[in-house]
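*Asks:* A structural model of the following input is requested.
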Amino acid sequence: MDVKSYNNAFICNEARSVVRSHFFPNFKDGGNEFKNSFLLGIGGNVGDTKKRFELFLYKLKKDRRFFVKECSLILKNKAFGYTKQADFLNAVLLVKSSFYAADVLKIMQHYEKIFGRIRSFRNAPRTLDIDILYFDKKIRNSQRLILPHPGANDRLSVIIPIGSMKGI
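*Replies:* Okay, here's the model as predicted:
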């Protein structure tokens, strides 16, 4: 994280701007019938990412297996890892479900495929990336799923959107 202090203000070279959307940020009461709460990180930098976020949110809200309680602001930020690519848009969703983390992972990977995600190489440009950042207070370290998500506590693309949420 490239953050510097200057005259009691913090300057960050990673975060670029906040992107306006009718659906981000958003908060909705309810979802008490579901037993698990989790944070999904969504990101992308190929095509009209803002529109893709809105369409994914629409589909997730229609999916009866989930209740979307809150959406963060959308942050435009610099790519990391492989940096010779377009800036990313990132947001965080607070979601409720009765499914367990491994099942949610499979469902979210299916959503990624629906939205054209191709895994060509690590940190490659992508249409839609969906990560489970935190799942209740669970800790897990398997080949398929690590909870909390590696880097969730260190990346401004996660920290700033979560900081914009009121239900956290």
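
*Asks:* Pull out the buried residues from stretch 118-132.
*Replies:* 124-132 (16 or more other CB atoms under 10 Å). All C-beta spots, glycine's among them, are computed from the backbone N, C-alpha and C.

*Asks:* Distance from it to the middle of the chain?
*Replies:* Computed by CA atoms, centre = their mean, to the nearest Å, the chain-centroid distance of stretch 118-132 equals 12 Å.

*Asks:* Please apply the same query to stretch 44-51.
*Replies:* The chain centre lies 13 Å from the centre of stretch 44-51; the measure is CA atoms, centre = their mean.

*Asks:* Just the buried positions in it, please.
*Replies:* For stretch 44-51, burial by neighbour count (16+ other CB under 10 Å) applies to 44-46, 49-50.

*Asks:* again, but for stretch 97-114
*Replies:* Counting neighbours by 16+ other CB under 10 Å, the buried set in stretch 97-114 is 97, 99, 101, 104-105, 107-108, 111-112.

*Asks:* can you give me the offset of that stretch from its chain's centre?
*Replies:* 13 Å.

*Asks:* Check what contacts that stretch and list those residues.
*Replies:* 33-36, 38, 40, 56, 59-60, 65-67, 128-130, 132, 135, 138, 140, 144-145, 147 (CB atoms under 8 Å, 6 or more residues apart in numbering).

*Asks:* rewinding a little: let's have the buried residues of stretch 118-132 in JSON lines, adding secondary structure and pLDDT.
*Replies:* Shown next, in JSON lines, are those (DSSP: H, G, I helix; E, B strand; the rest coil; pLDDT from 0 to 100):
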{"residue": "Ala124", "secondary structure": "coil", "pLDDT": "84"}
{"residue": "Pro125", "secondary structure": "coil", "pLDDT": "89"}
{"residue": "Arg126", "secondary structure": "coil", "pLDDT": "92"}
{"residue": "Thr127", "secondary structure": "coil", "pLDDT": "94"}
{"residue": "Leu128", "secondary structure": "coil", "pLDDT": "96"}
{"residue": "Asp129", "secondary structure": "strand", "pLDDT": "95"}
{"residue": "Ile130", "secondary structure": "strand", "pLDDT": "97"}
{"residue": "Asp131", "secondary structure": "strand", "pLDDT": "96"}
{"residue": "Ile132", "secondary structure": "strand", "pLDDT": "97"}
